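Enquirer: with the input below, show me the fold.
(chains A, B and C)
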Amino acid sequence: MTAIVPALTIEHVAVHFGGLVAIADMNFVVNGGELLSLIGPNGAGKTTAFNVITGFLKPSKGEVRYRGTSLNGLKPHQVASLGLVRTFQRTSVFRAHSVFDNVLTGLHLSGRSNLLDTLLRLPRERASEQELHDAAWEILTLVGIDKQAHELAGALPYGDQRLLGVALALAAKPSMLLLDEPVSGMNASETGRFMRLLAKLRDRGMTILLVEHDMPMVMGVSDRIVVLNYGRIIAEGPPAAIREDPEVIRAYLGQAGAKRAAHA
Amino acid sequence: MSEFLQHIANTLILGGTYALLGIGLTLIFGIMRVVNFTHGELYTFGAYFVFLISSVLGLNFLLALPVAIIAGLVLGALIELLLLRPMRGADIDTTMLVMIGAMIVMQNSEQLVWGGVAKSVSTPFPETPLVIGPVSVSYLRVFVLVMALLLIAATYVLINRTKLGKAMRATFQDRDTAALMGVNVRAIYTATFAIGSSLAAAAGALLGPAYVISPHMGDIASLKAFAIVILGGLGNITGAAIGGFILALAEELGAGYVSSGYRDAMGFLIIIAVLLIKPTGLFARAERIG
Amino acid sequence: MRRFVPVIVVALLATVPLWLGDPYILNAFITTGIFTIAAMSLNLLLGYTGQLSLGHVAFFGIGAYVSALTALGFDVELFDGFHVVHEPWPVIYGFILAIVIAGLCGYLVGKLSFRVRGAYFVIVTISFAEVVRLVALNWVELTQGPLALTNIPPVTLGLPGIGYANLYGKTGNYYLVLGVGVIAYVVIKHLVQSRIGRAMIALKENESLALSVGINVTRYLVLAAIVSAAIAGAAGSLYAHYLRIIDPDIFLFLYTVTMVIMVITGGKGTLAGPVVGGALFGAIPVIVRSFAAPEVQWILYGAFMIAIIFVLPQGIVPAIERWFAPRPSKKQLVASQSSVSAE
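Expert: Alright, predicted model coming up:
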């Protein structure tokens, strides 16, 4: 086990939409190589947190740092080029293109030809394109959708589209992956496939921040869990501790749960 | 100073008509999200209608305005029913292209019917201008201003005091909720486009006799209307009314003190400046009409 | 097989002056070719990045004026006593400057106007074109205003020491336009079938997703605007030296509309689309002129445009492709793979 190095640091981040407080004051750290899950009821501010970290939303207050670099004021594409890459909650693929072309598009940052190479299609352009093609096959194989490479992304079954979303993110060569509800809507076998992929990625040392509702999965794969409710962090710790935390139980089960707990 | 006062007088007269033009477009743009390239053609249509009524048919000049307004209503409703209703659900760019197609057809039809030579309309108003101190204005232009203000007021009443206006405002705020509340959104769209078009026709009917009428007068009118709408904020009627007067002022001062050749450039410079500095318009309250 | 279609088309086009006797038709071929080049450049923005630029004629016109003024020379008094004098240069410099300056204008317009999208972007681009038209109309000292720039020299081809040939004739201009058209087509093809092109298409289809994989959306929009404007500038230059007279009407909105109609009808976002659309709308005036006034021709243009959007919203080329290839996804992929390995 290597020394624990913080990869992503979130410090005093707050997000306000007009008068609405989406995130009140959020602080947490994701360590290098760790799989941290961010959980909480609907509307707790998880996706908002994702949007802030990846530059899609400017925080009203606070700072996000990745490996010592402040992400404040960076645009989403700049955050991505630092190695911090996200997936989206809603299925997000380039629907009108083949699976293969999707990944090729995702490999954007790996290309090394310039405008002149491209316009004249010089040898460097061809070499670069060949590399991208090879890299695309590699990613498709890793994710396990290489057999569907020729199919139209929009025509894939739901689970495969979600996997393609992850493949697109992986194509951007992330050192840290942010997954927004990756298994929502997947059936059991698709979820199983996804968990095997997650294990593979972890073996490669990928740092992962996961937002997910599927509790068995979260409890199974996470190193640590951060629980968010109404824009605040209410608990943080390893899965075993979170499972027992009374405040988490109350937040999750709501009034009905609290009553049931009282009756028991 | 007297020159300046004259510019202000001209601004008021021009601005009233511009406001009408802008209000018509902002209704359509705001409620239907349609970038209406035919707006200027409705303006031209209104102007030619006055020519038809008073110069060709020899009927009373004062009859021409209401007839042009009604004709604008009918033509607007037809355009909506034939071209826009089947396009519902298409993206804004596609609808825009259809409207450009319609614009080309209308403009060239006008040219085919009336010829390319500019027409002028003779009016019953006295030739001698009305002189107030250093300012001199023709009676026709006073009539134009008064009618424009009356029509603006009528539009306000329509939007704010009638059942139809209430339904239009509801549709503007949220089409789906309005539909759930029992608003017939399809009918509202047709009504909106018809009303917006009739305002453009009215503007043309008023301003046409004050200048000359030509098939291409609509080109620049459409773009001016866009400038006014952008200035006033999308769907903001008060904004469009004020925007009309601001554009008129900018044109008057630009033509008077810079160069008359650049009169028409003012609108475009305003568009470019506003969109680059404050894309929501100067009087941004895009959430509501009225 | 599909790869040979463009080659065959160019080969056939190259034979046209050999058998076509009617100079009117050859003239139609040349102007259609020039507008097709402009439409190809518009397609880069409209079809590939999805930005409806309705001020495209500005770049075309700027190219025409820059090229003509470079070749004609000018003497302009900017302010009291300060003259900018330019002696006439060879036409080829005008052609190059037209490309460079139109590209520069594309950069500026792109940089400024991509801050707004959708309807606002459209209106900003139209406004830009109108402002440029009014400048051309009113800056009489430079442009002669409505009196037009006349006696623009024709394109000169040749090498130093070997000799020069002036392209006064239609045949020479025809081959020149064909040559520039082929170059523009190849440049656009290389661009859109590359990493840059994938970035452009990606930002059109799903901007957030494109951003998330590190595509700098603004950068590629501006890049598309530059290349698009530069090619339009080249087309404008050809137009100026072929007609040998230009006036501010070159900036008319109707010319933009012509380009848009060509792109939409042929199929936006396809390489062949603007060429097919260009050919079609080049042919219509030739066919119609025998029996109808110009207004009727325009009415037909407008009606045709509406009809195409209603009936074939994707345009002709995608419709043909669908007809011949029921499963285009596979073919496309094979094509994109073989394009690397085969070359």
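Enquirer: got a list of what residue 137 touches?
Expert: Since no chain was named, I'll use chain A. Applying Cβ atoms under 8 Å, 6 or more residues apart in numbering or on different chains, we find residue A:137 in contact with A:146, A:149. Where you see a C-beta, it was placed from the backbone N, CA and C, and this is true even at glycine.
Enquirer: my question was about chain C
Expert: B:261, C:143, C:145-146, C:248.
Enquirer: could you check how many residues crowd around residue 63?
Expert: In the absence of a named chain, chain A is used. As a burial measure, residue A:63 scores 13 neighbours (other Cβ atoms under 10 Å in any protein chain shown).
Enquirer: sorry, should have said chain B
Expert: Count around residue B:63 with other Cβ under 10 Å applied: 13.
Enquirer: below-threshold pLDDT in the stretch 1-150 of chain B: ranges please.
Expert: Counting by pLDDT under 70, the stretch 1-150 of chain B shows low-confidence ranges at B:1.
Enquirer: ranges for the helices of it?
Expert: For the stretch 1-150 of chain B, the helices defined by DSSP state H, counting those that start in this stretch occupy B:2-32, B:39-50, B:61-79, B:92-114, B:139-161.
Enquirer: pull the CA atoms of the helix or strand where residue C:209 lies into CSV?
Expert: Assigned by DSSP states H and E, residue C:209 falls within helix C:207-212. Written as CSV, here are the backbone C-alpha positions of helix C:207-212 (Å, rounded to 0.1, in the frame of the first residue of the first chain):
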residue,chain,number,x,y,z
GLU,C,207,-21.8,20.2,-26.0
SER,C,208,-21.6,19.1,-22.3
LEU,C,209,-20.3,15.7,-23.3
ALA,C,210,-17.8,17.2,-25.6
LEU,C,211,-16.6,19.5,-22.8
SER,C,212,-16.4,16.6,-20.4
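Enquirer: could you point out which element follows it?
Expert: Heading C-terminal from helix C:207-212, the first helix or strand you meet, by DSSP H and E, is helix C:217-243.
Enquirer: distance between that next one and the chain's centre?
Expert: A distance of 7 Å separates the centroid of the chain from that of helix C:217-243, by Cα atoms, centre = their mean, to the nearest Å.
Enquirer: C-terminal to that helix, what's the next element?
Expert: Using DSSP H and E, the first helix or strand after helix C:217-243 is helix C:253-266.
Enquirer: that next one and chain B in contact?
Expert: Yes - taking Cβ under 8 Å from any Cβ of the partner chain as the criterion, helix C:253-266 and chain B are in contact, through C:253-254, C:257, C:260, C:264.
Enquirer: between the helices of the stretch 1-150 of chain B, which gets nearest to residue A:212?
Expert: helix B:92-114 (36.4 Å; Cβ to Cβ).
Enquirer: I'd like to know which elements that closest one is packed against.
Expert: Judged by 3 or more Cβ pairs under 8 Å, 6 or more residues apart in numbering or on different chains; DSSP states H and E, helix B:92-114 is in contact with helix B:39-50, helix B:217-232, helix C:118-138, helix C:253-266, helix C:294-311.
Enquirer: pick the most deeply packed of those.
Expert: For those, the largest average neighbour count (mean count of other Cβ atoms under 10 Å in any protein chain shown) is found in helix B:39-50, namely a mean of 29.
Enquirer: hmm, back to that, now, of the contacts of residue C:137, which are buried?
Expert: B:261, C:143, C:145, C:248 (16 or more other Cβ atoms under 10 Å in any protein chain shown).
Enquirer: and those, which two are furthest apart?
Expert: Within the buried ones among the contacts of residue C:137, two members stand farthest from each other by Cβ to Cβ: B:261 and C:143, at 11.9 Å.
Enquirer: I'd guessed residue B:204 sits against residue B:47; true?
Expert: Yes - when contacts are counted by Cβ atoms under 8 Å, residue B:204 is listed as touching residue B:47 (3.9 Å).
Enquirer: what do these two both touch?
Expert: Residues touching both residue B:204 and residue B:47 by Cβ under 8 Å, 6+ apart: residue B:217.
Enquirer: residues touching the closest residue to chain B within the stretch 51-200 of chain A, list them.
Expert: With Cβ to the nearest Cβ as the measure, residue A:96 is the residue of the stretch 51-200 of chain A nearest to chain B, at 14.5 Å. By Cβ under 8 Å, 6+ apart, the residues touching residue A:96 are A:152-154, C:205.
Enquirer: mind running it again at 10 Å?
Expert: Contacts of residue A:96 were listed using Cβ atoms under 10 Å, 6 or more residues apart in numbering or on different chains, and they are A:102, A:152-154, C:201, C:204-206, C:269, C:329.
Enquirer: by neighbours, which of those wins?
Expert: The most neighbours of any of the contacts of residue A:96, using other Cβ under 10 Å, belong to residue A:102, which has 31 neighbours.
Enquirer: among the contacts of residue C:137, which are in helices?
Expert: residue C:143 (DSSP state H).
Enquirer: what's the most distant pair in the contacts of residue C:137?
Expert: By the measure Cβ to Cβ, B:261 and C:143 form the most distant pair in the contacts of residue C:137, at 11.9 Å.
Enquirer: overlap in contacts of the two?
Expert: Common contacts of residue B:261 and residue C:143 (Cβ under 10 Å, 6+ apart): C:135, C:137.
Enquirer: which non-adjacent residue is nearest residue B:170?
Expert: Leaving aside its sequence neighbours, residue B:170 sits nearest to residue B:178 (Cβ to Cβ, 6 or more residues apart in numbering or on different chains; 4.0 Å).
Enquirer: contacting residues for the one you found?
Expert: B:166-172, B:184-185, B:188.
Enquirer: which secondary structure element contains it?
Expert: helix B:175-180.
Enquirer: tell me the average confidence for that helix?
Expert: For helix B:175-180, mean pLDDT is 85.
Enquirer: counting by contacts, list what the helix or strand just after that helix packs against.
Expert: Moving toward the C-terminus from helix B:175-180, the next helix or strand (DSSP H and E) is helix B:185-210. Contact analysis of helix B:185-210 by 3 or more Cβ pairs under 10 Å, 6 or more residues apart in numbering or on different chains; DSSP states H and E lists helix B:2-32, helix B:39-50, helix B:61-79, helix B:139-161, helix B:163-173, helix B:175-180, helix B:217-232 as its packing neighbours.
Enquirer: how close does the nearest residue to residue B:139 once chain neighbours are set aside sit to residue B:210?
Expert: Sequence neighbours aside, residue B:125 is the residue nearest to residue B:139 in space, at 4.1 Å (criterion: Cβ to Cβ, 6+ apart). Residue B:125 sits 10 Å away from residue B:210, going by Cβ to Cβ, to the nearest Å.
Enquirer: any residue of stretch C:198-214 touching chain B?
Expert: No - Stretch C:198-214 lies out of reach of chain B by Cβ under 10 Å from any Cβ of the partner chain, never closer than 11.2 Å.
Enquirer: thinking again about what came up before, quick one, which of the helices of the stretch 1-150 of chain B is nearest to residue A:106?
Expert: helix B:92-114 (26.6 Å).
Enquirer: quick one, what contacts residue 29?
Expert: If you meant another chain, say so; for now it's chain A. Residue A:29 touches A:4, A:6-11, A:36, A:65, A:224, A:226, A:236, counting by Cβ under 10 Å, 6+ apart.
Enquirer: wait, I meant chain C there
Expert: Applying Cβ under 10 Å, 6+ apart, one finds that residue C:29 lies in contact with C:13, C:16-17, C:20, C:170, C:173-174, C:177-178, C:279, C:282-283, C:286.
Enquirer: returning to what we had before: pick the most deeply packed of the helices of the stretch 1-150 of chain B.
Expert: Comparing the helices of the stretch 1-150 of chain B by mean neighbour count (mean count of other Cβ under 10 Å), helix B:39-50 ranks first with a mean of 29.
Enquirer: which parts of the stretch 151-290 of chain B sit against chain C?
Expert: B:215-216, B:219-220, B:222-223, B:226-227, B:229-230, B:234, B:259-276, B:279-281.
Enquirer: please pick the buried ones from those.
Expert: Among those, those scoring as buried are B:215-216, B:219-220, B:222-223, B:226-227, B:229-230, B:234, B:261-272, B:274-275, B:281 (criterion: 16+ other Cβ under 10 Å).
Enquirer: many thanks, have a good one.
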